[in-house]
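> Return atomic coordinates for the entry below.
(one chain, ligands or ions: 1)
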Amino acid sequence: MYFYLQHRRFCVRSPLQRSVASAEFGVVSERESELKNVQPFSEIPGPKGVPFLGTLFQYSGGIFQKYSPDRYQDALQDRYKQYGKIMKETIAGVTAVRLFDPDYVRIVYQNEGKIPHVAPLLDTTKQYREQRDLSLGLGNTNGDEWYRLRSAVQQMMMRPKAVTVYLPFVEEVADDFVARIKTIKSHSGDIPNFRNELARWNLESSGMTCFETRFGCLNASPDSHVQKMIDSNNEIFVLSTKLMFSIPFHKIFNSPTWKKLLEAEDYFFGNGQKLVDETVAKIDRLQLSGQLNDDQYNFLCYLLSRKELSFKDVSIITLSLFGDGLNTTVPSFLFALYCLAKNPVCQERAYQEVCQHVKDGSPVTGEVINKLTYLKACVKESQRFFPIGQEIKRIPQKDLIIGGYHIPAGTIVELCTSVLFQSPDHFIEPKTFIPDRWLRDGSAHNIHPYLLTPFGHGPRMCAGRRFAEQEIYVLLSKLLKNFKMEYNDGELDQKFQILMVPDRPATFTFIDRQ
Ligand code: HEM
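Got it, this is the predicted structure:
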């Protein structure tokens, strides 16, 4: 059943409603004619490629190369300019329809049902986990299997109140991080490779949430396990990008790149699994001796208590919370910091807000965070400037008509609104950092609700969202309180590594506030 037919049922109105909504009738009749003239899937425009591999050679080197893989965002912009709001492309055997219009995105979300299907968040990680007989985790499963996992963690991970249990850990690590900045910054306040410093902070912070242990990530030596875990996590994304734009031999045999990726995955996963095993053994010992308090090892104890989760599921979910922030929370944080450093007026206003609500010597609570409305608007605006994802993927389970084209059930659909984030058609003064546009009284900006959804939308919305946001708001408010931040390391840009990451290690300058 097409979305259009469903939609029509809701368009039956009383005479009064009809006269009030006469403008809308134009839309309805347009849609009627659209339905009559539905174009088949094959007519969706897009670049022509060779059979199976499609346009792979435009990305993969040689004389046909048009785009460097780390500038995939340019390819998407070009595709939008050339083909408009809907187009399709095949790359290395994977065909996807891309949507560049928030109204089209709305159609997909409104028809996804209770169990939306998605293409894997990271195809290579899914393949790795299948090969090693691990649980696939939330982002790589669909149907009942996904529902089983998601419903087991939904309450504990998605309720804003539930994650505030971990606030004291997050705050403790953030305070230590601020102290470390004070000791390591140069005479002029510079800290080079701040991205790596943030990675250490993030691993320490999520390590506390998952394992309630301080690992010493902040001060770890360059040849420590911690640093190697950070490096191997990064390597997974670098190699996955390479494989995304290669002939997919790795799906048939262990190609050299695939072997390197296995090594990086094994390193990260192996060390992570050891932490899970050690912590679970500790919990068992405490329980046996009657010394396990109710407020200890919340995250793991909760997962272990869920009968529907196997031990493999518990491990993967825990390691997702432990490691996923490295390539999501960290770049997101760095871009937010950059936006504030480059916009001192906004930084000052956020500083004033933080001083008003975050009191020295009092803990940062959920209530305090709720009051940081301007800070949150700054973060959201930074996500418009620097989206860390190029698209959100869905595989609709019923046929849809979008933009006048028939999209059969089972098609991979990519929701690519990030190419519109700098467009004057969608944002007033798009090239200016204006956090106010996200404040309630900034409604004059009238932003389409399906345009900027950095954490996705609906039942498959990011499972780590509450944790990531909590960490970002706490650390950002601590940094604002302690330092004026500047950035003098050239223009920061983004490069594509499955996600959008900073194009350089990034040196920030921290000037003590008295
Ligand atoms: C600023 C940081 C982050 C951003 C912007 C982000 C963004 C996203 C997005 C866009 C999705 C797809 C949502 C959809 O399909 O509707 C997603 C899914 C997911 N994210 Fe995040 N994420 C972040 C941090 C994290 C962290 C720290 C974790 C660790 C637990 C995490 C775990 C997940 C999982 C497990 C899914 C799959 C959910 C499912 O399919 O049920 N994310 N994230």
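
> Going by C-alpha atoms from here, please, whenever you check contacts or count neighbours.
Will do.

> do you know how far the closest residue to residue 134 other than its chain neighbours is from the ligand?
Using C-alpha to C-alpha, 6 or more residues apart in numbering and skipping the chain neighbours, the partner closest in space to residue 134 is residue 312 (6.3 Å). Distance, residue 312 to the ligand, using C-alpha to the nearest ligand atom, to the nearest Å: 15 Å.

> So which bits of the chain are right by the ligand?
138-139, 150, 320-321, 324-325, 328-329, 332, 392, 454-457, 460-465, 468 (C-alpha under 6 Å from any ligand atom).

> Okay, strands next: where are they in this protein?
86-91, 94-99, 190-191, 392-394, 400-402, 405-407, 412-415, 483-487, 494-497, 499-502, 508-512 (DSSP state E).

> helices or strands up against the fourth one?
The one in question is strand 392-394. With contacts taken as 3 or more C-alpha pairs under 8 Å, 6 or more residues apart in numbering; DSSP states H and E, strand 392-394 sits against strand 412-415.

> Any buried residues in the strand it packs on, and which?
For strand 412-415, burial by neighbour count (16 or more other C-alpha atoms under 10 Å) applies to 412, 413, 414, 415.

> repeat for stretch 69-82
Under the neighbour-count criterion of 16+ other C-alpha under 10 Å, stretch 69-82 has 69, 70, 72, 73, 75, 76, 77, 79, 80 buried.

> Tell me which residues touch the third one, please.
Think residue 72. By C-alpha atoms under 8 Å, 6 or more residues apart in numbering, the residues touching residue 72 are residue 496.

> at 10 Å instead, please
59, 78, 390, 495, 496, 497, 498, 500 (C-alpha atoms under 10 Å, 6 or more residues apart in numbering).

> how about a markdown table for the buried residues of strand 412-415, with pLDDT added?
Listed next are the buried residues of strand 412-415 as a markdown table, based on pLDDT from 0 to 100:
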| residue | pLDDT |
| --- | --- |
| 412 | 98 |
| 413 | 98 |
| 414 | 98 |
| 415 | 98 |
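
> mind giving me a markdown table with those residues and columns for distance to residue 180?
Output for the buried residues of strand 412-415, formatted as a markdown table (distance: C-alpha to C-alpha, whole Å):
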| residue | distance to residue 180 |
| --- | --- |
| 412 | 45 |
| 413 | 44 |
| 414 | 41 |
| 415 | 40 |
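
> Show me the two of these that sit farthest apart.
412 and 415 (9.9 Å; C-alpha to C-alpha).

> Overlap in contacts, these two.
97, 98, 393, 394.

> Can you check these and name whichever has the most neighbours?
Of all these, residue 98 has the most neighbours under the rule other C-alpha atoms under 10 Å, reaching 26 neighbours.

> Setting aside sequence neighbours, what's the nearest residue to that residue?
residue 414 (4.7 Å).

> Over to residue 260?
residue 239 (7.9 Å).

> Let me know whether the one you found touches residue 497 as I believe.
Yes: under the criterion of C-alpha atoms under 10 Å, residue 239 makes contact with residue 497 at 8.6 Å.

> More neighbours: which of the two?
residue 497 (26 against 19).

> any idea how far the residue lying closest to residue 279 once chain neighbours are set aside is from the ligand?
Nearest non-adjacent residue to residue 279, counting by C-alpha to C-alpha, 6+ apart: residue 211, 6.3 Å away. Here the criterion is C-alpha to the nearest ligand atom. By it, residue 211 lies 14 Å from the ligand.

> What is the burial count for residue 211?
21.

> the bottom helix or strand of the protein by mean pLDDT?
helix 15-20 (a mean of 32; mean pLDDT, DSSP states H and E).

> From residue 258, how far out is residue 241?
12 Å (C-alpha to C-alpha, to the nearest Å).
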